[in-house]
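Trainee: sequence unknown, structure follows:
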């Protein structure tokens, strides 16, 4: 059985819909959730769940995505 990894990223609220669309277009590569945020926060933190076998593919997607929108420093881990 493949192990799933949690990866946390953060992006500006204005870019979040685009980030969601890109992640959804990767059919089966990654599952994501937007983490709770305070009202009017200007950033969105996302928790990504990715199988170990797909980590390299997700890394490539995030690098490409980072060339189009700003992916902020990785959000703190929430175990």
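Mentor: Sure, I can see it. Nothing here was measured: the structure is a model prediction, and the numbers come from that model. Numbers count the residues shown, from 1 in each chain.
Trainee: low-scoring stretches of the chain, by residue?
Mentor: Low-confidence segments of the chain (pLDDT under 70): 1, 73-79.
Trainee: what's the single longest helix in it?
Mentor: Determined from DSSP state H, the single longest helix within the chain is helix 55-68.
Trainee: Show me which positions of that helix end up buried.
Mentor: 58, 61-62, 65 (16 or more other CB atoms under 10 Å). Where you see a C-beta, it was placed from the backbone N, CA and C, and this is true even at glycine.
Trainee: Note down every partner strand of whichever helix or strand comes after that helix and its orientation.
Mentor: Counting by DSSP states H and E, the next helix or strand C-terminal to helix 55-68 is strand 71-72. Strand 71-72 has its sheet partners listed here by DSSP bridges as strand 4-12 (antiparallel).
Trainee: buried sites along the strand it pairs with?
Mentor: So, applying 16+ other CB under 10 Å, buried residues of strand 4-12: 7, 9-11.
Trainee: returning to what we had before: so can I have TSV of the buried residues of helix 55-68 showing distance to residue 49?
Mentor: Shown next, in TSV, are the buried residues of helix 55-68 (distance: CB to CB, whole Å):
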residue	distance to residue 49
58	10
61	14
62	14
65	17
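Trainee: what's the burial count for residue 19?
Mentor: 21 (other CB atoms under 10 Å).
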